[in-house]
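Enquirer: Build me a model:
(chains A and B)
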Amino acid sequence: MISFVNVTKTFKRARVLDGVSLDLAKGDRIALVGSNGAGKTTLIRCLLGEYTYDGKVLVDGLEPRDKRSQVLARMGFVPQIPPPLKMPVGELLGFAASVCRSDPQDMVRVIESLGLEYGRIRKLPFVKLSGGMKQKTLIGVALGRPADILIMDEPAANLDPEARHVFFRLLADRRDDGIMLITSHRLDEVAALVNRVIEMDMGKVALDDRVADQVDMASRLSCRLTMSRADSAFARALGEWGFTGSGVDWSGWVNGPDRLRFLGMLSRYTGLVAGLDLREAEPCVA
Amino acid sequence: MRAFLRAARLDIAESLRARWFLFYSMVFGGIVVLLFVFGLTESRILGFTGLSRLLVTYIQLCVAILPIFVLITTVRSVAGDREAGVFEYMLSLPVGLAAWYWGKMVGRFTVVFLPVFLAMGGAALWSEYSEIGVPWDLFTVYTALLVSLSWSFLGFGMLISAAARSPDVAQTGAFLLWLVLLLFLDLILLGIMVREHLPLEAVVAIALANPLQSFRTAAILLFDPQMVVLGPAAYVILDEVGARGYLAFALAWPLLLGTVAAGWGYRIFRRGDLP
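Expert: Okay, the predicted model is just below:
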C-alpha cells in the first residue's frame, strides 16, 4: 500500500534520511520510534508530499508529491506541535471538511466524544485553545473524515486519561481499515496501539519488527493501590492518572493500551507500593 | 476550483482578522479624510480642482505607501506561516499546491486592493453627494492603475516569500526591493544617471522596467506632461509612445511583471520543501 524506496533526504550537508526502504501494508499499525533527529518527522513529511527527496514514495502507486489531492484525501494527519492558526475552530473544520469532501458534523462528533464542547470552542481562535483542546480538535479533523491512512505525531501526548481512553477506542474501531503510523520518542507510549515497530536512528531504519497483538485497545483496567506510606509526589502522579483516594489507598482506571506506561510510572515508586490489584474490566463503551 | 476558492476565502478571513489590515485600512481611509479636511477639493493647482485634485494627490501618496505595505504584509504572513508550522498542517490536507498558492494570492489581492479602492470610492460618493462633481474617466484610470500596482507588488511579495526561508530574510528582501525601485524613480537616481551622461537607452530601459515609475508617470501624464514634473526618462518615453500608448503600457506592464514574479514564486514553491 505504501512503499518507501531508497528514500534519501538531505538538508544542505546533513543527510536526514539515508536510503530508507520500507513497505507498509494494509492492517499495519506502526510505531515509528527514535530519538530527536532520527528522521521520523522528515519521513512523515515525505509521505505527506511536503518534502522533496531522492528515491520514491508511493501510495498505491501514486507519488504524494505529484498526486497530492488524490493521495492526501486518504490521509488523516495529527502533527506533534499544533499549528498556530488564528482562525476560529469552526472555520478550520469548515475548510478541512470542504477540501476533504467530508461532513464537518463527523469531525464535530469525534471532537465531542473526546470530551470537548464544540459549541463552546467553535468561535474561539484555534491558537487560543489549550494544548489538549488543540490536540482533540486536530484528532477530530483527522478521524472525522474518510481516511484510510492515519499519520499521528505523538497524538496522545496532551490528552487527559478519559480522552486517551476514547481516543484509543476510536483507533480500535478503525484499526484494520488501513494503515496507522504513530510516531513517538518512547515505545512504551504507543506499544499497545501497534502491531509493528520501526525504529529509526540517524536517518536509517534500525529496527523493523512485529509486535504481539494482544491488548484490546478499548479495554480498561480497574486498579486498587495501597501504599506503605503517604507520599505527595506519588499522590500527584496518581492524580494525573485520574486516580481518587487519599493517604495510602487509591483507586482508578487505566486504559488497556496505557498499562505499560502506568507500570512504568509505578516502577519509580516501587518502594512505596504495598499492594496492587489490576483487573481487566468489561470493555468500556464511553 | 473549490480548493482555490476556499484558500482565497481563508486568506481574506485571516487578513480581515489581522491588526495590519485595520491599520492599513485606517491609513488609506485616513488619507482621504485628511485630504477633504484640508480642503484639497477646493484648492486649484496647475488648473486642477475638485475631486481631480484630490485623486491626483491620493494616487501620489499611494505610490509611496501601497507597495511597501503590500510587500511587507505579504512576505510576513506567507513566510511567517511557513516558519510557524502552519504550512505543515494546512498542506497535509488534500488541497492542490496551485489552488493554495494562487488562492492565497487572489485572497490577498482582494484585501490589499479593497481598502485603497473603497477610500477612493468613498471620496467619489461624497463628491457626488456634495455636488463637487466626479471625473469618472480619471477615477476609472486610477482604479485600473491601482489594480495594476497592487498586483505587481503582490507578485513580488509572493516571489520573495517563496524564495526566502525565514520571515526576517523575506522582510529584508522586500524592503530592499522597494528601496531600489523607489531610488530608481525618474527624479532620483535616473536623473543623476542622465546628468552623468549614461547611455540614454539604459536610462529609458530602467525607467520602463520600474513599475513604480510607470505608475507615477501614468498618474500624472493626464494632467501635466511637463519634463520638470515627469522626469527626463518618462518625458522621452512619452514623447516616443504618446499618452495613450504609455497609459496602456503602464497598466499592462506591472500586471505582467506581477504575474511573472508570482509564477516564478509558484515554481519555487512547488519545487521546494513546503514547510
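Enquirer: Low-confidence regions, the stretch 51-200 of chain B specifically.
Expert: Where the stretch 51-200 of chain B drops to pLDDT under 70, the residues are B:186-191, B:193-194.
Enquirer: Residue numbers of it in contact with chain A?
Expert: Neighbours of chain A within the stretch 51-200 of chain B, by CB under 8 Å from any CB of the partner chain: B:84-97. To be clear about C-beta, it is placed using only N, CA and C from the backbone, and glycine gets the same treatment.
Enquirer: Kindly tell me how buried A:F168 is, as a neighbour count.
Expert: A:F168 sits with 24 neighbouring residues when counted by other CB atoms under 10 Å in any protein chain shown.
Enquirer: Quickly find the element holding it.
Expert: Per DSSP states H and E: A:F168 is located in helix A:161-173.
Enquirer: what angle sits between the following helix or strand past that helix and helix A:161-173?
Expert: Where DSSP H and E defines the elements, the next helix or strand beyond helix A:161-173 is strand A:179-184. Strand A:179-184 and helix A:161-173 are oriented at 150 degrees to each other (axes from the mean of the first three to the mean of the last three CA atoms, to 10 degrees).
Enquirer: Indicate each strand paired with strand A:179-184 and its parallel or antiparallel sense.
Expert: strand A:29-33 (parallel), strand A:149-153 (parallel) (DSSP bridges).
Enquirer: need those in JSON lines with mean neighbour count, mean pLDDT and distance to B:V236, can you?
Expert: Converted to JSON lines, the strands paired with strand A:179-184 look like this (neighbours: other CB atoms under 10 Å in any protein chain shown; pLDDT from 0 to 100; distance: least, CB to CB, whole Å):
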{"stretch": "strand A:29-33", "mean neighbour count": "24", "mean pLDDT": "89", "distance to B:V236": "66"}
{"stretch": "strand A:149-153", "mean neighbour count": "23", "mean pLDDT": "90", "distance to B:V236": "61"}
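Enquirer: any chance of the ones you listed in CSV, with distance to B:S150 too?
Expert: Compiled in CSV, these are given as follows (distance: least, CB to CB, whole Å):
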stretch, distance to B:S150
strand A:29-33, 46
strand A:149-153, 39
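Enquirer: Out of the residues of the stretch 51-200 of chain B next to chain A, which end up buried?
Expert: Neighbour counting by 16 or more other CB atoms under 10 Å in any protein chain shown classes B:84-97 among these as buried.
Enquirer: picking that back up, now, which of the residues of the stretch 51-200 of chain B next to chain A sits nearest A:E91?
Expert: Proximity of these to A:E91 (CB to CB) peaks at B:M90, which lies at 12.0 Å.
Enquirer: Run a quick check on A:D54 versus A:V7, I expect a contact.
Expert: Yes - using CB atoms under 8 Å, A:D54 is in contact with A:V7, at 7.2 Å.
Enquirer: Which one's more surrounded, these two?
Expert: A:V7 (24 against 11).
Enquirer: Helix or strand for the nearest residue in space to that one that is not next to it in sequence, just tell me which one.
Expert: Using CB to CB, 6 or more residues apart in numbering or on different chains and skipping residues adjacent in sequence, the residue nearest A:V7 is A:G55, 3.8 Å away. Take DSSP H and E as the rule and A:G55 turns out to sit in strand A:54-59.
Enquirer: With A:G245 instead?
Expert: strand A:244-246.
Enquirer: Name every strand pairing with that strand and say which way it goes.
Expert: strand A:249-255 (antiparallel).
Enquirer: Other residues contacting the strand it pairs with?
Expert: With CB atoms under 8 Å, 6 or more residues apart in numbering or on different chains as the test, strand A:249-255 has contacts from A:161, A:164-165, A:168, A:219-227, A:235, A:238, A:241-245, A:262, A:278, A:281.
Enquirer: how about a cut-off of 7 Å?
Expert: A:161, A:164-165, A:168, A:220-226, A:238, A:241-245, A:262 (CB atoms under 7 Å, 6 or more residues apart in numbering or on different chains).
Enquirer: which of the residues in the helix ranked longest in chain B are buried?
Expert: Using DSSP state H to define each element, chain B has its longest helix at helix B:232-271. By 16+ other CB under 10 Å, the buried positions in helix B:232-271 come out as B:232-238, B:246-247, B:249-251, B:253-258, B:261-262, B:264-266, B:269.
Enquirer: could you give me the average pLDDT of it?
Expert: Mean pLDDT, computed over helix B:232-271, is 86.
Enquirer: Can you name every helix or strand that it contacts?
Expert: Under the contact criterion of 3 or more CB pairs under 7 Å, 6 or more residues apart in numbering or on different chains; DSSP states H and E, helix B:232-271 touches helix B:97-129, helix B:136-163, helix B:200-209, helix B:211-221.
Enquirer: for the third one, packing partners?
Expert: If I follow you right, that is helix B:200-209. Using 3+ CB pairs under 7 Å, 6+ apart as the test, helix B:200-209 ends up in contact with helix B:232-271.
Enquirer: what's the angle from the helix it packs on to helix B:211-221?
Expert: Going by the same axes, to 10 degrees, helix B:232-271 makes 140 degrees with helix B:211-221.
Enquirer: residues from chain A in reach of chain B?
Expert: A:45, A:48, A:50-52, A:68-69, A:72-73, A:77, A:79, A:81, A:83-87, A:91, A:95-96, A:98-100 (CB under 7 Å from any CB of the partner chain).
Enquirer: Filter the residues you listed down to just the ones in helices.
Expert: A:R45, A:R68, A:S69, A:L72, A:E91, A:F95, A:A96, A:S98, A:V99, A:C100.
Enquirer: circling back: give the full set of residues in contact with the residue nearest to A:V7.
Expert: Contacts of A:G55 (CB under 7 Å, 6+ apart): A:V5, A:N6, A:V7, A:T8.
Enquirer: So for B:F69, which of the strands paired with strand A:179-184 sits nearest?
Expert: strand A:149-153 (37.1 Å).
Enquirer: Provide the secondary structure category for B:T73.
Expert: helix (DSSP: H, G, I helix; E, B strand; the rest coil).
Enquirer: To what extent is A:L278 buried, counted in neighbours?
Expert: Neighbours of A:L278 (other CB under 10 Å): 14.
Enquirer: In chain A, what helix or strand scores lowest on average pLDDT?
Expert: helix A:187-190 (a mean of 71; mean pLDDT, DSSP states H and E).
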